[in-house]
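J.: Give the three-dimensional model of this entry:
(2 chains)
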Amino acid sequence: MTKHNDKPDECATGNVRVLDGQHRAASLAEAVATKQVRVLDNYDATSHVGLRVIVCGAAIERVDESGEETIELPKPRELRAAAAIARCLMADKLQGWEIKAMRKVMNLTLAELAKRLDERTAPETVSRWEADAQPMGGYADKVLRLLICEELRKEAPGIAYNASLIANLKVRDPWRVNPDYVVPSIVLHLIQLKERSGSIIETWNAKLAA
Amino acid sequence: MAQVHYISETQILRRIARHPDCRFLWSKHALKAVADDGRTTLDVEHALTNSQVVLHEQKKDLLWRAIGTDLDGNKIQAVVAVYEQEIAIKVVTTF
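T.: Okay, here's the model as predicted:
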(Lines give C-alpha, C1' and ligand atoms only; values in the text may rest on other atoms or scores of the structure.)
Protein backbone atom coordinates (compact mmCIF):
# COMPACT_ATOMS: atom_id res chain seq x y z
CA MET A 1 0.00 0.00 0.00
CA THR A 2 1.46 3.32 -0.97
CA LYS A 3 1.51 5.82 1.83
CA HIS A 4 1.23 9.40 0.73
CA ASN A 5 3.61 12.08 1.79
CA ASP A 6 1.77 14.11 4.37
CA LYS A 7 4.12 17.07 4.52
CA PRO A 8 3.89 19.45 1.59
CA ASP A 9 7.50 20.49 1.85
CA GLU A 10 8.79 16.91 1.72
CA CYS A 11 8.63 16.08 -1.93
CA ALA A 12 8.85 12.64 -3.46
CA THR A 13 11.72 13.47 -5.79
CA GLY A 14 15.12 14.70 -4.72
CA ASN A 15 15.49 17.09 -7.63
CA VAL A 16 12.98 19.70 -6.63
CA ARG A 17 12.66 23.42 -7.11
CA VAL A 18 10.35 24.88 -4.51
CA LEU A 19 8.35 28.00 -5.17
CA ASP A 20 6.57 29.75 -2.34
CA GLY A 21 4.17 31.80 -4.41
CA GLN A 22 1.05 33.71 -3.51
CA HIS A 23 -1.12 32.45 -6.30
CA ARG A 24 -4.59 32.79 -4.90
CA ALA A 25 -7.80 32.30 -6.81
CA ALA A 26 -10.60 34.79 -7.18
CA SER A 27 -13.73 34.22 -5.16
CA LEU A 28 -16.08 31.49 -6.25
CA ALA A 29 -18.85 33.97 -6.93
CA GLU A 30 -16.50 35.94 -9.15
CA ALA A 31 -15.08 32.93 -10.92
CA VAL A 32 -18.37 31.17 -11.47
CA ALA A 33 -20.19 34.33 -12.54
CA THR A 34 -23.16 32.21 -13.21
CA LYS A 35 -25.36 32.59 -16.20
CA GLN A 36 -27.68 29.81 -15.23
CA VAL A 37 -28.27 27.72 -12.11
CA ARG A 38 -30.75 24.90 -11.95
CA VAL A 39 -31.53 22.01 -9.70
CA LEU A 40 -31.71 18.80 -11.70
CA ASP A 41 -34.82 16.63 -11.29
CA ASN A 42 -32.85 13.43 -11.84
CA TYR A 43 -29.09 13.12 -11.86
CA ASP A 44 -27.09 9.92 -12.28
CA ALA A 45 -24.59 10.14 -9.42
CA THR A 46 -22.92 6.78 -10.08
CA SER A 47 -19.55 8.39 -10.84
CA HIS A 48 -19.72 10.26 -7.50
CA VAL A 49 -20.56 7.24 -5.35
CA GLY A 50 -19.34 4.15 -7.21
CA LEU A 51 -22.77 2.56 -6.71
CA ARG A 52 -25.74 2.88 -9.04
CA VAL A 53 -27.41 6.01 -7.66
CA ILE A 54 -29.94 8.53 -8.96
CA VAL A 55 -30.22 11.82 -7.07
CA CYS A 56 -33.61 13.54 -7.28
CA GLY A 57 -34.10 17.29 -7.01
CA ALA A 58 -30.77 18.07 -5.39
CA ALA A 59 -27.87 18.15 -7.88
CA ILE A 60 -27.01 21.73 -8.82
CA GLU A 61 -25.98 22.49 -12.39
CA ARG A 62 -24.28 25.80 -13.08
CA VAL A 63 -23.45 27.23 -16.47
CA ASP A 64 -20.96 30.09 -16.33
CA GLU A 65 -20.48 33.00 -18.72
CA SER A 66 -18.15 30.98 -20.95
CA GLY A 67 -20.62 28.12 -21.19
CA GLU A 68 -18.70 25.78 -18.86
CA GLU A 69 -21.06 23.49 -16.97
CA THR A 70 -20.38 22.27 -13.45
CA ILE A 71 -22.25 19.91 -11.16
CA GLU A 72 -22.35 20.13 -7.38
CA LEU A 73 -23.93 17.57 -5.08
CA PRO A 74 -24.97 18.79 -1.65
CA LYS A 75 -23.80 16.76 1.36
CA PRO A 76 -21.67 14.32 -0.67
CA ARG A 77 -20.31 12.44 2.34
CA GLU A 78 -23.81 11.79 3.66
CA LEU A 79 -24.99 10.91 0.15
CA ARG A 80 -22.34 8.20 -0.17
CA ALA A 81 -23.12 6.83 3.30
CA ALA A 82 -26.87 6.72 2.55
CA ALA A 83 -26.25 4.97 -0.78
CA ALA A 84 -23.97 2.37 0.82
CA ILE A 85 -26.47 1.55 3.58
CA ALA A 86 -29.35 1.42 1.10
CA ARG A 87 -27.34 -1.00 -1.04
CA CYS A 88 -26.54 -3.21 1.96
CA LEU A 89 -30.25 -3.45 2.71
CA MET A 90 -30.96 -4.76 -0.79
CA ALA A 91 -31.13 -8.55 -1.10
CA ASP A 92 -29.01 -8.76 -4.26
CA LYS A 93 -25.60 -10.30 -3.68
CA LEU A 94 -22.84 -7.66 -3.46
CA GLN A 95 -20.73 -7.32 -6.59
CA GLY A 96 -16.97 -6.78 -6.45
CA TRP A 97 -17.11 -3.21 -7.72
CA GLU A 98 -19.75 -2.41 -5.10
CA ILE A 99 -17.60 -3.81 -2.29
CA LYS A 100 -14.72 -1.66 -3.51
CA ALA A 101 -16.90 1.46 -3.68
CA MET A 102 -18.26 0.92 -0.18
CA ARG A 103 -14.78 0.29 1.23
CA LYS A 104 -13.73 3.63 -0.17
CA VAL A 105 -16.82 5.32 1.26
CA MET A 106 -15.68 4.00 4.65
CA ASN A 107 -12.19 5.36 3.87
CA LEU A 108 -10.54 2.00 4.51
CA THR A 109 -7.65 0.34 2.68
CA LEU A 110 -7.85 -3.35 1.76
CA ALA A 111 -5.78 -4.25 4.82
CA GLU A 112 -7.87 -2.11 7.13
CA LEU A 113 -11.13 -3.62 5.88
CA ALA A 114 -9.74 -7.14 6.18
CA LYS A 115 -8.73 -6.45 9.77
CA ARG A 116 -12.11 -4.96 10.62
CA LEU A 117 -13.91 -8.01 9.24
CA ASP A 118 -11.85 -10.61 11.07
CA GLU A 119 -8.26 -10.78 12.25
CA ARG A 120 -7.81 -13.88 10.09
CA THR A 121 -9.12 -12.30 6.88
CA ALA A 122 -6.27 -11.52 4.50
CA PRO A 123 -6.21 -8.29 2.45
CA GLU A 124 -5.70 -10.53 -0.59
CA THR A 125 -9.06 -12.16 0.10
CA VAL A 126 -10.81 -8.77 0.10
CA SER A 127 -8.94 -7.90 -3.09
CA ARG A 128 -10.22 -11.11 -4.74
CA TRP A 129 -13.80 -10.30 -3.64
CA GLU A 130 -13.47 -6.86 -5.19
CA ALA A 131 -12.11 -8.32 -8.42
CA ASP A 132 -14.91 -10.94 -8.50
CA ALA A 133 -12.11 -13.52 -8.59
CA GLN A 134 -13.44 -15.27 -5.48
CA PRO A 135 -17.07 -15.40 -4.37
CA MET A 136 -17.82 -14.09 -0.91
CA GLY A 137 -19.46 -16.59 1.42
CA GLY A 138 -22.89 -15.92 2.92
CA TYR A 139 -21.49 -15.30 6.40
CA ALA A 140 -18.82 -12.89 5.17
CA ASP A 141 -21.43 -11.08 3.07
CA LYS A 142 -23.60 -10.42 6.12
CA VAL A 143 -20.68 -9.40 8.32
CA LEU A 144 -19.52 -6.97 5.65
CA ARG A 145 -23.01 -5.47 5.30
CA LEU A 146 -23.28 -5.09 9.08
CA LEU A 147 -19.87 -3.46 9.28
CA ILE A 148 -20.72 -0.97 6.53
CA CYS A 149 -24.09 -0.05 8.03
CA GLU A 150 -22.78 0.32 11.57
CA GLU A 151 -19.83 2.39 10.36
CA LEU A 152 -21.90 4.77 8.25
CA ARG A 153 -25.28 4.94 10.01
CA LYS A 154 -24.52 8.19 11.85
CA GLU A 155 -24.02 9.95 8.54
CA ALA A 156 -27.27 8.61 7.09
CA PRO A 157 -30.02 9.16 9.66
CA GLY A 158 -32.61 9.32 6.87
CA ILE A 159 -32.17 5.62 6.04
CA ALA A 160 -34.25 3.33 8.24
CA TYR A 161 -31.75 0.76 9.45
CA ASN A 162 -31.32 -1.61 12.32
CA ALA A 163 -29.07 -4.64 12.53
CA SER A 164 -32.00 -7.08 12.45
CA LEU A 165 -32.73 -6.00 8.87
CA ILE A 166 -29.35 -7.42 7.87
CA ALA A 167 -29.72 -10.49 10.08
CA ASN A 168 -33.07 -11.32 8.46
CA LEU A 169 -31.97 -10.45 4.93
CA LYS A 170 -32.25 -13.34 2.50
CA VAL A 171 -29.39 -12.62 0.12
CA ARG A 172 -30.14 -13.77 -3.43
CA ASP A 173 -27.96 -14.25 -6.48
CA PRO A 174 -29.93 -13.06 -9.52
CA TRP A 175 -26.89 -13.54 -11.78
CA ARG A 176 -27.24 -17.29 -11.40
CA VAL A 177 -30.40 -17.26 -13.52
CA ASN A 178 -29.69 -14.09 -15.49
CA PRO A 179 -26.04 -13.17 -16.11
CA ASP A 180 -27.15 -9.82 -17.59
CA TYR A 181 -29.01 -8.77 -14.45
CA VAL A 182 -28.36 -5.15 -13.44
CA VAL A 183 -28.64 -4.02 -9.82
CA PRO A 184 -31.50 -1.51 -9.55
CA SER A 185 -30.48 2.10 -8.99
CA ILE A 186 -30.88 3.58 -5.54
CA VAL A 187 -32.91 6.78 -5.72
CA LEU A 188 -31.94 9.38 -3.15
CA HIS A 189 -33.87 12.49 -2.10
CA LEU A 190 -32.84 15.24 0.30
CA ILE A 191 -35.38 15.41 3.11
CA GLN A 192 -35.74 17.35 6.32
CA LEU A 193 -35.69 15.25 9.45
CA LYS A 194 -36.54 16.26 12.99
CA GLU A 195 -34.04 14.87 15.46
CA ARG A 196 -34.89 13.79 19.01
CA SER A 197 -33.30 17.00 20.22
CA GLY A 198 -35.90 18.90 18.20
CA SER A 199 -33.46 20.29 15.66
CA ILE A 200 -34.24 19.93 11.96
CA ILE A 201 -31.52 18.45 9.77
CA GLU A 202 -31.26 17.86 6.04
CA THR A 203 -30.46 14.27 5.17
CA TRP A 204 -30.76 11.71 2.39
CA ASN A 205 -33.64 9.28 2.08
CA ALA A 206 -33.62 6.33 -0.30
CA LYS A 207 -35.94 4.20 -2.33
CA LEU A 208 -35.28 1.70 -5.09
CA ALA A 209 -35.81 2.61 -8.73
CA ALA A 210 -38.90 0.98 -10.22
CA MET B 1 14.15 19.16 -15.60
CA ALA B 2 13.34 19.69 -11.94
CA GLN B 3 9.81 19.10 -10.80
CA VAL B 4 8.34 22.30 -9.41
CA HIS B 5 6.43 22.11 -6.15
CA TYR B 6 4.40 24.99 -4.83
CA ILE B 7 4.46 24.83 -1.06
CA SER B 8 1.87 27.39 -0.06
CA GLU B 9 -0.52 26.30 -2.81
CA THR B 10 -0.12 22.67 -1.71
CA GLN B 11 -0.90 23.61 1.88
CA ILE B 12 -3.97 25.57 0.83
CA LEU B 13 -5.26 22.80 -1.43
CA ARG B 14 -4.79 20.11 1.21
CA ARG B 15 -6.42 22.23 3.90
CA ILE B 16 -9.45 23.02 1.78
CA ALA B 17 -9.80 19.45 0.45
CA ARG B 18 -9.63 18.03 3.99
CA HIS B 19 -12.20 20.46 5.34
CA PRO B 20 -15.38 18.53 6.25
CA ASP B 21 -17.56 21.22 4.68
CA CYS B 22 -15.57 21.52 1.46
CA ARG B 23 -17.82 21.86 -1.59
CA PHE B 24 -16.71 20.18 -4.80
CA LEU B 25 -17.83 21.50 -8.18
CA TRP B 26 -17.21 19.10 -11.06
CA SER B 27 -16.95 20.16 -14.66
CA LYS B 28 -18.76 17.85 -17.06
CA HIS B 29 -15.37 17.15 -18.64
CA ALA B 30 -13.90 16.06 -15.29
CA LEU B 31 -16.85 13.78 -14.59
CA LYS B 32 -16.42 12.12 -17.97
CA ALA B 33 -12.68 11.68 -17.36
CA VAL B 34 -13.37 10.16 -13.93
CA ALA B 35 -15.87 7.68 -15.40
CA ASP B 36 -13.61 6.84 -18.36
CA ASP B 37 -10.75 6.02 -15.98
CA GLY B 38 -12.97 3.71 -13.92
CA ARG B 39 -12.67 5.96 -10.89
CA THR B 40 -15.13 7.84 -8.74
CA THR B 41 -15.05 11.45 -7.64
CA LEU B 42 -14.26 10.13 -4.16
CA ASP B 43 -10.89 8.85 -5.48
CA VAL B 44 -10.07 12.33 -6.77
CA GLU B 45 -11.26 14.02 -3.57
CA HIS B 46 -9.02 11.68 -1.57
CA ALA B 47 -6.06 12.33 -3.87
CA LEU B 48 -6.46 16.08 -3.39
CA THR B 49 -6.12 15.70 0.38
CA ASN B 50 -2.55 14.40 -0.06
CA SER B 51 -1.61 16.07 -3.33
CA GLN B 52 1.28 18.27 -4.36
CA VAL B 53 0.64 21.31 -6.54
CA VAL B 54 3.14 21.15 -9.41
CA LEU B 55 1.91 23.76 -11.85
CA HIS B 56 -0.26 26.82 -11.89
CA GLU B 57 -1.67 28.68 -14.81
CA GLN B 58 -4.01 31.59 -15.29
CA LYS B 59 -6.84 30.78 -17.62
CA LYS B 60 -10.42 31.73 -17.00
CA ASP B 61 -9.72 30.82 -13.38
CA LEU B 62 -6.41 30.50 -11.61
CA LEU B 63 -5.81 26.79 -12.05
CA TRP B 64 -3.48 24.50 -10.15
CA ARG B 65 -2.35 21.10 -11.35
CA ALA B 66 -2.06 18.69 -8.44
CA ILE B 67 -0.77 15.12 -8.15
CA GLY B 68 -1.93 12.82 -5.38
CA THR B 69 -2.85 9.22 -4.69
CA ASP B 70 -6.17 7.53 -4.02
CA LEU B 71 -6.81 5.23 -1.07
CA ASP B 72 -5.15 2.31 -2.89
CA GLY B 73 -2.06 4.30 -3.82
CA ASN B 74 -2.96 4.93 -7.46
CA LYS B 75 -1.61 8.21 -8.80
CA ILE B 76 -4.20 10.80 -9.86
CA GLN B 77 -3.61 14.19 -11.44
CA ALA B 78 -6.23 16.91 -11.36
CA VAL B 79 -6.52 20.49 -12.53
CA VAL B 80 -8.44 22.49 -9.96
CA ALA B 81 -9.47 26.00 -9.00
CA VAL B 82 -9.48 26.54 -5.24
CA TYR B 83 -11.72 29.07 -3.54
CA GLU B 84 -10.43 29.57 -0.02
CA GLN B 85 -13.10 31.89 1.26
CA GLU B 86 -15.98 29.70 0.17
CA ILE B 87 -14.14 26.46 1.07
CA ALA B 88 -14.77 25.11 -2.41
CA ILE B 89 -12.80 23.35 -5.12
CA LYS B 90 -13.74 23.26 -8.77
CA VAL B 91 -12.30 20.20 -10.52
CA VAL B 92 -11.71 21.10 -14.15
CA THR B 93 -10.19 17.84 -15.34
CA THR B 94 -8.47 14.71 -14.09
CA PHE B 95 -6.03 12.26 -15.66
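J.: Look up how far A:N107 lies from the residue in chain B positioned nearest to chain A.
T.: Proximity to chain A, evaluated over chain B using CB to the nearest CB, is greatest for B:G73 at 2.8 Å. All C-beta spots, glycine's among them, are computed from the backbone N, C-alpha and C. Using CB to CB, to the nearest Å, B:G73 is found at 14 Å from A:N107.
J.: Low-confidence stretches in chain A?
T.: Scanning chain A for pLDDT under 70 picks out A:1-35, A:208-210.
J.: just checking, B:E57 touches B:V92?
T.: No: with contact defined as CB atoms under 8 Å, B:E57 and B:V92 do not form a contacting pair (10.6 Å).
J.: Which neighbours do those two have in common?
T.: Residues touching both B:E57 and B:V92 (CB atoms under 8 Å, 6 or more residues apart in numbering or on different chains) are B:L63.
J.: out of these two, which sits in the more crowded spot?
T.: Counting neighbours by other CB atoms under 10 Å in any protein chain shown for B:E57 and for B:V92 shows that B:V92 has the greater number, 22 against 11.
J.: Can you list the buried residues in stretch A:139-151?
T.: Buried residues in stretch A:139-151, counted by 16 or more other CB atoms under 10 Å in any protein chain shown: A:140-149, A:151.
J.: In the chain, which helix is the longest?
T.: If you meant another chain, say so; for now it's chain A. Counting residues, the longest helix found in chain A (DSSP state H) is helix A:138-152.
J.: should've been chain B
T.: Chain B, longest helix under DSSP H: helix B:7-18.
J.: moving C-terminal of that helix, what's the next helix or strand?
T.: As assigned by DSSP states H and E, the chain's next helix or strand after helix B:7-18 is strand B:23-27.
J.: secondary structure class for the most centrally placed residue in chain A?
T.: Centroid-nearest residue in chain A: A:R80, 3.2 Å away (criterion: CA atoms, centre = their mean). Three-state assignment for A:R80 (DSSP: H, G, I helix; E, B strand; the rest coil): helix.
J.: show me where the chain has helices.
T.: You didn't pick a chain, so chain A it is. Going by DSSP H, chain A shows helices at A:28-31, A:46-49, A:76-88, A:96-105, A:110-117, A:123-130, A:138-152, A:163-167.
J.: Chain B is the one I meant
T.: B:7-18, B:28-36, B:41-49.
J.: how about the first one: buried residues?
T.: Burial within helix B:7-18, assessed by neighbour count using 16+ other CB under 10 Å, is assigned to B:7, B:9-10, B:12-14, B:16-17.
J.: pLDDT averaged over it - what is it?
T.: Helix B:7-18 carries an average pLDDT of 93.
J.: again, but for the last one
T.: Per-residue pLDDT over helix B:41-49 has a mean of 96.
J.: quick one: buried residues of it?
T.: Neighbour-count burial for helix B:41-49 flags B:41-49 (criterion: 16+ other CB under 10 Å).
J.: just those residues now: which is nearest B:W26?
T.: Distance to B:W26 across the buried residues of helix B:41-49 (CB to CB) is lowest for B:T41, with 6.2 Å.
J.: which residues touch A:V39?
T.: For A:V39, the contacting residues are A:57-61, by CB under 8 Å, 6+ apart.
J.: Ignore what I typed, I meant B:T10.
T.: Per CB under 8 Å, 6+ apart, neighbours of B:T10: A:8, B:51-53, B:66.
J.: How about B:D43?
T.: Residues in contact with B:D43 (CB under 8 Å, 6+ apart) are A:104, B:34, B:70-71, B:74, B:76.
J.: need those residues in JSON lines with neighbour count and distance to A:N205, can you?
T.: As requested, these are arranged in JSON lines below (neighbours: other CB atoms under 10 Å in any protein chain shown; distance: CB to CB, whole Å):
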{"residue": "A:K104", "neighbour count": "23", "distance to A:N205": "23"}
{"residue": "B:V34", "neighbour count": "24", "distance to A:N205": "26"}
{"residue": "B:D70", "neighbour count": "20", "distance to A:N205": "29"}
{"residue": "B:L71", "neighbour count": "21", "distance to A:N205": "28"}
{"residue": "B:N74", "neighbour count": "13", "distance to A:N205": "33"}
{"residue": "B:I76", "neighbour count": "21", "distance to A:N205": "32"}
